[in-house]
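Novice: What follows is a protein structure lacking sequence information:
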């Protein structure tokens, strides 16, 4: 039995000549005040205490109803507070659309608290 016999349908379809749009990556670092510390392709709107709306500029493309994948983590919090963080400090990506996503951050007790964070978003280019 050779390797060609083991090919799954998913592997076979991935090698077909079909149109797939280019991927687009947006990354950034946001201070707890809502100011941009680094990155490109986005704007930040601090809606309320603890709620950050990241707006993609430009928005992602709608391709087969797939939203961009967003991953976020807290960072740079030692500059403004105690010199430690715990694994229970949190960040939640609440809502993702083609044009934006919403983030809520929290402290080690599970209470909402303004915190700096970094993120990366990958989706289909406009």
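Specialist: Happy to help now that I have it. Please read these numbers as outputs of a predicted model, since none were measured by experiment.

Novice: make it CA atoms for all contacts and neighbour counts henceforth
Specialist: Fine.

Novice: For the chain, just list every one of the strands.
Specialist: 23-30, 36-40, 42-48, 51-56, 69-74, 90-96, 100-106, 117-124 (DSSP state E).

Novice: Of all those strands, which one is nearest residue 63?
Specialist: When these are ranked by proximity to residue 63, the top entry is strand 117-124, at 6.9 Å, counting by C-alpha to C-alpha.

Novice: quick one: strands adjacent to that closest one?
Specialist: As defined by DSSP bridges, the strand partners of strand 117-124 come to strand 23-30 (antiparallel), strand 69-74 (antiparallel).

Novice: can you list contacts of the first one?
Specialist: This points to strand 23-30. Residues outside strand 23-30 that contact it (C-alpha atoms under 8 Å, 6 or more residues apart in numbering): 36-42, 56, 60, 116-125.

Novice: next one: the shortest one
Specialist: Contacts with strand 69-74, where a contact means C-alpha under 8 Å, 6+ apart, come from 89-93, 96, 105, 115-123.

Novice: rewinding a little: which entries within the contacts of strand 23-30 meet the buried criterion?
Specialist: For these, burial is judged from neighbour counts taken by 16 or more other C-alpha atoms under 10 Å, and it is met by 36, 42, 56, 60, 116-125.

Novice: Quick check: beta-bridge partners of the residue nearest to residue 36 when sequence neighbours are not counted?
Specialist: Nearest non-adjacent residue to residue 36, counting by C-alpha to C-alpha, 6 or more residues apart in numbering: residue 30, 4.7 Å away. Beta-bridge partners of residue 30, counted by DSSP bridges, are residue 36, residue 117.

Novice: quick one: residue 30 from residue 112, how far?
Specialist: Computed with C-alpha to C-alpha, to the nearest Å, the distance linking residue 30 and residue 112 is 16 Å.

Novice: Compare these two (neighbour count), which wins?
Specialist: Between residue 30 and residue 112, counted using other C-alpha atoms under 10 Å, residue 30 has the larger neighbour count: 23 against 17.
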